[in-house]
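Student: Quick one, what's the 3D model for this:
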Amino acid sequence: MDSLIPFTTSGSLMDCVDRKMLVILRDGRKLHGVLRSYDQFANLVLEDTYERIYHGDTYAQNWHGLFLIRGENVVLMGEVDLDTEDDVPLRQVDYHVLEPYCKLETEKKKQRDEIKATILYEHNGFCKEGGEGDGY
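Tutor: Next comes the predicted model:
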């Protein structure tokens with residue numbers, strides 16, 4: 001019966017070591033890299049890491065190299081399918097060209113979320129919780 005219970009601890013990352021992964025962080029960053037190591041807190045070490053930003057049908061990459069991620073900042077993690085990775089119908093552009101557009105989108109989203117939180121607080125009795133980077 002115990003074999004039917006899913007393995008949900010950080011040990012479930014064992015099969016992901018030495019594979020290319022996509023990691024989405026609490027602050028919204030999307031990192032691609034090869035998972036080299038992890039610990040019991042799901043702290044991750046990614047090698048050959050780059051950050052991707054998207055806008056419309058374009059994307060850009062910023063190289064980071066070796067990257068250590070604290071486990072509490074990971075929202076989602078998944079393996080990148082190397083066979084279909086290049087089939088994505090997006091056009092790559094220079095990072096510095098796309099960065100201002102992404103910052104503007106992030107700022108607009110932050111303003112919308114602040115308005116929603118205020119309305120929920122004032123009219124529906126919800127509390128204002130969360131802080132900087134606590135988007136999830």
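Student: all strands in this protein, in order from the N-terminus.
Tutor: Secondary structure of the chain (DSSP state E): strands at 20-25, 30-38, 44-55, 58-69, 74-79, 91-92.
Student: which one of these lies closest to residue 123?
Tutor: Closest to residue 123 of the strands of the chain, according to C-beta to C-beta: strand 74-79, at 28.7 Å. From N, CA and C alone the C-beta is placed, and that goes for glycine too.
Student: Just the mean pLDDT for stretch 121-133, thanks.
Tutor: When pLDDT is averaged over stretch 121-133, the result is 69.
Student: before we move on, back to that, nearest to residue 108, out of the strands of the chain?
Tutor: Once the strands of the chain are compared by C-beta to C-beta, strand 44-55 is nearest, at 12.4 Å.
Student: and the residue nearest the centre of the chain, bridged to which residues?
Tutor: Closest residue to the average C-alpha location of the chain: residue 24 at 1.1 Å, with C-alpha atoms, centre = their mean. Beta bridges link residue 24 to residue 30, residue 76, judged by DSSP bridges.
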